[in-house]
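*Asks:* need a structure here:
(2 chains)
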Amino acid sequence: AQRVTQPEKLLSVFKGAPVELKCNYSYSGSPELFWYVQYSRQRLQLLLRHISRESIKGFTADLNKGETSFHLKKPFAQEEDSAMYYCALRGSGNTGKLIFGQGTTLQVKP
Amino acid sequence: GAVVSQHPSWVICKSGTSVKIECRSLDFQATTMFWYRQFPKQSLMLMATSNEGSKATYEQGVEKDKFLINHASLTLSTLTVTSAHPEDSSFYICSARQAGLYSEQFFGPGTRLTVL
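*Replies:* Next up, the predicted model:
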């Protein structure tokens, strides 16, 4: 079964501190992993995906198939990073549906 | 980037009535649309997946007769909550993607349904 787990409901850090939002997944094949962000009162938007291997707004995420993880990292958090972050998985060979983790609220304090 | 719109953005209805929510892809052809439900401070729960011109595929535990989904064109999908009850009150979000293995999925702004 497909499953995405984000163990932290809330992560609170000070501005300038490093951030790591954890994501673990369960999938038997080769999944596609994503991070979505939802700022206050805004719609969900794609932050990054593992196949792109790019850094967006200073965030990076590496797919670790051995540990089945896709943790989101940023070396220096900014106040504007405060938002809800969702890790999501899309399996191969299906209709392309995204399965979301529970979400982690990132709170960056001044 | 591509835009997905939803209408209405919020709706209040009486228990027992039916409510229709529209989801449109404004500048691309959405071969697949998805409907999610989000409870306060919780994650998005996939309700169903619909491909244009086909019947929707519902996730386990979602009543297809309760949540009617129609994907009549490549730019429009509708979700009808039939005989709504207070427990159906929620935030409903649609998303859409074009054909293609690695195509991006775009999300609508959501519709807040309150059933009195």
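*Asks:* so where's chain B uncertain?
*Replies:* The model of chain B has pLDDT under 70 over residues B:1.
*Asks:* Sheet-wise, list the partners of the helix or strand harbouring B:Cys23 with their directions.
*Replies:* With elements taken from DSSP states H and E, the one containing B:Cys23 is strand B:19-25. Here strand B:19-25 has these sheet partners by DSSP bridges: strand B:4-7 (antiparallel), strand B:76-81 (antiparallel).
*Asks:* export that strand as CSV, just CAs?
*Replies:* Presented in CSV, the C-alpha positions along strand B:19-25 are these (Å, rounded to 0.1, in the frame of the first residue of the first chain):
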residue,chain,number,x,y,z
VAL,B,19,-24.6,21.2,-3.7
LYS,B,20,-22.6,21.3,-6.9
ILE,B,21,-19.0,22.5,-7.0
GLU,B,22,-17.2,23.3,-10.3
CYS,B,23,-13.6,22.8,-11.0
ARG,B,24,-12.1,24.3,-14.2
SER,B,25,-8.6,24.3,-15.8
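*Asks:* Follow the chain on from it and name the next helix or strand.
*Replies:* Next along from strand B:19-25, by DSSP H and E: strand B:32-38.
*Asks:* could you give the angle of the helix or strand just after that following strand to strand B:76-81?
*Replies:* Next helix or strand after strand B:32-38 toward the C-terminus (DSSP H and E): strand B:44-51. Strand B:44-51 runs at 130 degrees relative to strand B:76-81, counting by axes from the mean of the first three to the mean of the last three C-alpha atoms, to 10 degrees.
*Asks:* got the contact list for strand B:44-51?
*Replies:* Applying C-beta atoms under 8 Å, 6 or more residues apart in numbering or on different chains, the contact partners of strand B:44-51 are A:44, A:86, A:95-100, B:31-39, B:56-59, B:62, B:64, B:67, B:69-71, B:77, B:79, B:93. Glycine gets a C-beta too; all of them are placed from N, C-alpha and C.
*Asks:* and if you look at stretch A:5-22?
*Replies:* Residues outside stretch A:5-22 that contact it (C-beta under 8 Å, 6+ apart) are A:23-26, A:35, A:69, A:71-79, A:81, A:85-87, A:101-110.
*Asks:* Number of residues surrounding the nearest residue to B:Arg24 once chain neighbours are set aside?
*Replies:* Among residues not flanking B:Arg24 along the chain, B:Ser5 sits closest, at 4.9 Å (C-beta to C-beta, 6 or more residues apart in numbering or on different chains). As a burial measure, B:Ser5 scores 14 neighbours (other C-beta atoms under 10 Å in any protein chain shown).
*Asks:* Just want the angle from the strand holding B:Cys23 to strand B:32-38.
*Replies:* Interaxial angle, strand B:19-25 versus strand B:32-38 (the same axes, to 10 degrees): 130 degrees.
*Asks:* quick one: the residue minimising distance to the centre of chain B from chain A, how far?
*Replies:* Taking C-alpha atoms, centre = their mean, the centroid of chain B lies closest to B:Trp35, which sits 3.5 Å from it. Counting by C-beta to the nearest C-beta, to the nearest Å, the gap from B:Trp35 to chain A is 11 Å.
*Asks:* which ones are touching that residue?
*Replies:* B:23, B:46-48, B:50, B:67, B:69, B:77, B:79, B:92-94.
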